[in-house]
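1. got a structure for you, letters missing:
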């Protein structure tokens, strides 16, 4: 009885133990299931964060590139739409954009591929014109109706938006960043607006496919866990994250939604629960076996859990830090490694190199995108094999790369660049690229290791662009002189309008002396800038910048008015009729209303037109001969004189000289300086003078400083001398005192410069 009782008791204990074992096992497995579900949402949340970072990084990289372009346009100071369009055509040709364009404040757009339209009604235009960088929602392209997104970056002039830089990208390109496989390629992502409207949908087999509004789709779904529909709508309206589990289309899905730092966009990352359930069932079965094996089984269970966790983390790290095209570092990985390198006490000298592959778009078009990707992988392979310890590299975007080099020795850096180019062209033959490959490098020697890495790369990028725009230059160092040059040019551009309004520009006159009558016959008007703080600024410092900025057109007209004022005053004072020549820039020659403007000014002062000489440089004349002939004939028909300055300084076409409507040829001082003592040079000068005179034109010799030169030119038959020997450039008052004198009798002959 006792034995039976013991058996019953033992059986009861055994049953109780088994029940307790299974209860504990069930409870433990339930905990495992909950932990796996929580871990799944955590992984999915991390994946959503990484995906959001990738999309934001892609958009931010494009916006940074456009902001660099806008800053260069601002630095140029020329905000003419066609000029700005020319400045971005290089970026449009080599960037990964569908097209680029310049839009004016009224919404008129001119694109890099020749389109013109108006976007004033577009929300992204209305946002960007207020001075903020903007990204459009998905819209249809004007040309092929394909979905695109548009980046808009403002261009400022004195804190005022004067234009926008636009760049459109195919929405399909963003899908590439959403198609990264997760959860054994069963997961997927898509982007929607806060109101649920689709921005970038997913084509994954588990996705709902194309949809207009995700919230409308969720309304039809069975929400089983997490946020309800009202909470989802409220969270998305207020920029909050969340998660939910839903059943629709015959499938249950876990969804994490997170706001992007772009417009009001949300990224939704999704995984079918069956993927998690399959893993859960497998782990649950293992758990039963492990529990039965007590502590060893429990230990093994934790090992499996840790294994899955580690593998998932590595997958997420690969998504976050590995470039999907080349398999090398992406910009996020580069920033992480660069921060560690720069924080290291063992690293003292560093440089950041930014480079791109010339004509990379041509390679894609000529050989196909697969071959282009192969070139990118080849570049990464070369970089990986040549990175020293504590150096890093990355493919930033497109064909743009960055290198953190542990050196500030310019010679070593340039030798490494040369070695890179050599190896690049050795290996490109092996992959079937016939054309020689070349890259442009911008180098910034890092002065402050605690500095912002994005700003450091921006400076390297500016140096890279300087290398691309320079002639025969493959690399460029960002230096204090380069920074100062940009700053000085910007300062001049910022001050030029005020300087004109404040009459800081002054007219100087340099006399001309007629060798036939041995008397002064005229002068040339020259501009000087009397800066209130810097004093007198040489024209060589500001004229080239004014030319580039287009301000020279206003300055030309200012000088023309000043000349007319002086001519009118001399006429009223009954001074001799001396001709004044005024220089006109090639920028004004291209203006359709140039002749009209000249007539308006001269008619205002009612001067004798024969005393005004329009002076053009040799280079501007031969740049567009047909336009010059058209203008020259009109100028002479209205009674003005035309002269060519700097003759002989460039590549004059002698056979065209006879067809040009000119009255005066000013021979460049290079003809005379230290050259008249050589017989061959003397023959050239004499022949040139005779030829010009036979064409019925007056010869002026510039830059004459000695009596010997004067007498030699007199013997050669030169008509007029201009140079320091007869007078340096001087103020109008000084000129009148020297040429007319205080005892002027008014008997000098009329205009001796004819």
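-> Cool, got the structure. The structure displayed is predicted, hence computed values, not measured ones.
2. just the buried residues of stretch 156-172, please?
-> By 16 or more other Cβ atoms under 10 Å, the buried positions in stretch 156-172 come out as 162-171. Using the backbone N, CA and C atoms, a C-beta is placed for each residue, glycine as well.
3. over to stretch 694-709?
-> 697-704, 709.
4. so how far does stretch 708-728 reach from one end to the other?
-> One end of stretch 708-728 to the other measures 18 Å (Cα to Cα, to the nearest Å).
5. contacting residues around that stretch?
-> 510-516, 520-522, 524, 666, 669, 672, 676, 682, 685-686, 689-690, 693, 698-707, 735, 738, 753 (Cβ atoms under 8 Å, 6 or more residues apart in numbering).
6. distance of residue 49 from residue 171?
-> 22 Å (Cβ to Cβ, to the nearest Å).
7. nope, residue 632 is what I was after
-> Counting by Cβ to Cβ, the gap from residue 632 to residue 171 is 54 Å.
8. what does residue 521 give?
-> For residue 521 relative to residue 171 (Cβ to Cβ), the value is 71 Å.
9. can you tell me which of the contacts of stretch 708-728 are buried?
-> Here, 16+ other Cβ under 10 Å leaves 510-515, 520-522, 524, 666, 669, 672, 676, 685-686, 689, 698-704, 735, 753 buried among those.
10. okay, and which of the residues you listed map to helices?
-> 685-686, 689, 735 (DSSP state H).
11. and those residues as JSON lines, adding distance to residue 331 and pLDDT?
-> Listed next are those as JSON lines, based on distance: Cβ to Cβ, whole Å; pLDDT from 0 to 100:
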{"residue": "685", "distance to residue 331": "62", "pLDDT": "87"}
{"residue": "686", "distance to residue 331": "67", "pLDDT": "89"}
{"residue": "689", "distance to residue 331": "65", "pLDDT": "91"}
{"residue": "735", "distance to residue 331": "62", "pLDDT": "96"}
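12. okay, those residues in JSON lines with distance to residue 660 next?
-> Converted to JSON lines, these look like this (distance: Cβ to Cβ, whole Å):
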{"residue": "685", "distance to residue 660": "20"}
{"residue": "686", "distance to residue 660": "22"}
{"residue": "689", "distance to residue 660": "17"}
{"residue": "735", "distance to residue 660": "30"}
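13. and the two most separated of those residues?
-> 686 and 735 (31.5 Å; Cβ to Cβ).
14. which SS class is residue 527?
-> strand (DSSP: H, G, I helix; E, B strand; the rest coil).
15. what about it, distance to residue 645?
-> Distance from residue 527 to residue 645, by Cβ to Cβ: 14 Å.
16. so what pLDDT did the residue positioned nearest the centre of the chain get?
-> Nearest to the mean C-alpha position of the chain, counting by Cα atoms, centre = their mean, stands residue 69 at 2.2 Å. With respect to pLDDT, residue 69 scores 87.
17. and residue 681, by the same measure?
-> So residue 681 comes in at 78 (pLDDT).
18. stretch 78-90: which residues count as buried?
-> 78-79, 81, 83-85, 87-88.
19. so which of the residues you listed sits lowest on pLDDT?
-> For the buried residues of stretch 78-90, the pLDDT minimum is residue 87, 83.
20. next, the contact list for that residue, please.
-> Contacts of residue 87 (Cβ under 8 Å, 6+ apart): 69, 72-73, 76.
21. those residues, buried ones only, as a ChimeraX selection?
-> Buried subset of those, written as a ChimeraX selection, criterion 16+ other Cβ under 10 Å:
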select :69,72,73,76
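22. re the thing from before, in strands, which of the contacts of stretch 708-728 fall?
-> Secondary structure assignment by DSSP state E places 510-514, 520-522, 524, 666, 698-702 of the contacts of stretch 708-728 in strands.
23. that older thread, export the buried residues of stretch 694-709 to a markdown table and append columns for pLDDT.
-> Below are these laid out as a markdown table (pLDDT from 0 to 100):
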| residue | pLDDT |
| --- | --- |
| 697 | 94 |
| 698 | 95 |
| 699 | 95 |
| 700 | 95 |
| 701 | 93 |
| 702 | 92 |
| 703 | 90 |
| 704 | 92 |
| 709 | 89 |
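24. do a quick rundown of the strands in the stretch 51-200 of the chain.
-> 99-103, 108-111, 116-118, 134-135, 139-140, 147-157, 160-170, 188-193, 198-200 (DSSP state E, counting those that start in this stretch).
25. what is the fifth one packed up against?
-> Applying 3 or more Cβ pairs under 8 Å, 6 or more residues apart in numbering; DSSP states H and E, we find strand 139-140 packed against strand 147-157.
26. where along the stretch 251-400 of the chain do the helices fall?
-> Using DSSP state H, counting those that start in this stretch, the helices of the stretch 251-400 of the chain run over 273-292, 294-321, 331-343, 360-367, 369-386.
27. elements contacting the fourth one?
-> When contacts are defined as 3+ Cβ pairs under 8 Å, 6+ apart, helix 360-367 sits against helix 81-94, helix 369-386.
28. could you give the mean pLDDT of it?
-> Mean predicted confidence for helix 360-367 is 87.
29. how about the longest one?
-> When pLDDT is averaged over helix 294-321, the result is 64.
30. hmm, back to that, just curious, which of the buried residues of stretch 156-172 is nearest to residue 97?
-> Distances from residue 97 to the buried residues of stretch 156-172, taken by Cβ to Cβ, are shortest for residue 167, at 4.3 Å.
31. can you check what pLDDT the model gives that closest one?
-> 91.
32. same check, this time on residue 459
-> With respect to pLDDT, residue 459 has a value of 90.
33. how many neighbours does it have?
-> 21 (other Cβ atoms under 10 Å).
34. and for residue 656?
-> 13.
35. report the buried residues of the one helix or strand residue 243 maps to.
-> Element membership of residue 243 [criterion: DSSP states H and E] is strand 242-248. Within strand 242-248, the residues that count as buried by 16+ other Cβ under 10 Å are 242-246.
36. what ranges do the helices span in the stretch 551-700 of the chain?
-> 552-572, 586-589, 594-605, 618-623, 625-637, 654-657, 679-694.
37. among those helices, which is nearest residue 414?
-> helix 618-623 (33.6 Å).
38. could I get the average pLDDT for the closest one?
-> pLDDT averaged over helix 618-623 gives 80.
39. follow-up on the earlier one: hey, least reliable of the helices of the stretch 551-700 of the chain by pLDDT?
-> What stands lowest among the helices of the stretch 551-700 of the chain, in mean pLDDT terms, is helix 654-657, with a mean of 73.
40. which strands and helices sit next to that one?
-> The contact analysis (3+ Cβ pairs under 8 Å, 6+ apart) places helix 654-657 against helix 679-694.
41. roughly how far is the helix it packs on from the heart of the chain?
-> 50 Å (Cα atoms, centre = their mean, to the nearest Å).
42. then stretch 537-557?
-> On Cα atoms, centre = their mean, the centre of stretch 537-557 falls 24 Å from the chain's centre.
43. equivalent analysis for stretch 359-379, please.
-> For stretch 359-379, the distance to the chain centre is 22 Å (Cα atoms, centre = their mean).
44. which positions within it qualify as buried?
-> So for stretch 359-379, counting by 16+ other Cβ under 10 Å, buried means 360-361, 363-364, 367, 372, 374-379.
45. before we move on, back to that, which one of the buried residues of strand 242-248 is nearest residue 296?
-> Set against residue 296, the nearest of the buried residues of strand 242-248 by Cβ to Cβ is residue 245 (35.0 Å).
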